[in-house]
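S.K.: sharing a model that was predicted from the sequence below.
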Amino acid sequence: MNTATLQSYAYSTDNFSKNYQPVLLTDRKKKQIIIRDVVMLEGDGNYTYFHLKCGKKILLSRTMKEYCELFEQNDFVRVTKSYLINLNYLKGVEKLGELTVIMQSGQRIEISRRRKSLFNQNFKAFKQRK
């Protein structure tokens, strides 16, 4: 996704500081979503559900792929075709059989085979930063 497309629905992520939080603008209601409050994104065809830490779910009419570049700069990692999770809300990783992540909300998401190595790299880098 190029920057021109990105800025049509979100602020640029180039100049973030501790005081300024990345914000996403929704399509019609122009409601602001603070990216650090997003627990995960769930793709459903041409729609994306945003799961927020307060428990709300917001539906936007764009594919998850369109959000990946923006969110992957902010401690998010794509674990399946349909899920992009925020590592800050990760409760645990279960390695019995298939690799599974457990979110703080209790939701369990099995990591796809093709994304395991990328998840492990991102998770190690995340732990080193924290």
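M.R.: That came through fine.

S.K.: any stretches of this structure with poor pLDDT?
M.R.: Along the chain, the parts satisfying pLDDT under 70 run over 1-31.

S.K.: again, 80 this time
M.R.: 1-32, 130 (pLDDT under 80).

S.K.: what about the helices in it?
M.R.: Remark: helices assigned in the chain by DSSP state H are 3-6, 64-72, 116-129.

S.K.: who does the last one touch, helix- and strand-wise?
M.R.: Think helix 116-129. Applying 3 or more CB pairs under 8 Å, 6 or more residues apart in numbering; DSSP states H and E, we find helix 116-129 packed against strand 76-78. (Glycine included, C-beta is placed from N, CA and C.)

S.K.: what residues does stretch 104-121 touch?
M.R.: Residues outside stretch 104-121 that contact it (CB atoms under 8 Å, 6 or more residues apart in numbering) are 39-40, 51, 55, 77-81, 83, 85, 89-91, 94, 98-103.

S.K.: and it, what's buried?
M.R.: Under the neighbour-count criterion of 16 or more other CB atoms under 10 Å, stretch 104-121 has 107, 109, 111-112, 115, 119 buried.

S.K.: got it, and stretch 64-79?
M.R.: So stretch 64-79, judged by 16+ other CB under 10 Å, has buried residues 64, 66-68, 70-71, 74-79.

S.K.: okay, the helices of the chain in JSON lines with distance to Tyr47 next?
M.R.: Shown next, in JSON lines, are those (distance: least, CB to CB, whole Å):
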{"stretch": "helix 3-6", "distance to Tyr47": "18"}
{"stretch": "helix 64-72", "distance to Tyr47": "9"}
{"stretch": "helix 116-129", "distance to Tyr47": "24"}
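
S.K.: closest to Ile33 out of those helices?
M.R.: Among the helices of the chain, the nearest to Ile33 by CB to CB is helix 64-72 (10.7 Å).

S.K.: fine by me, we can end here.
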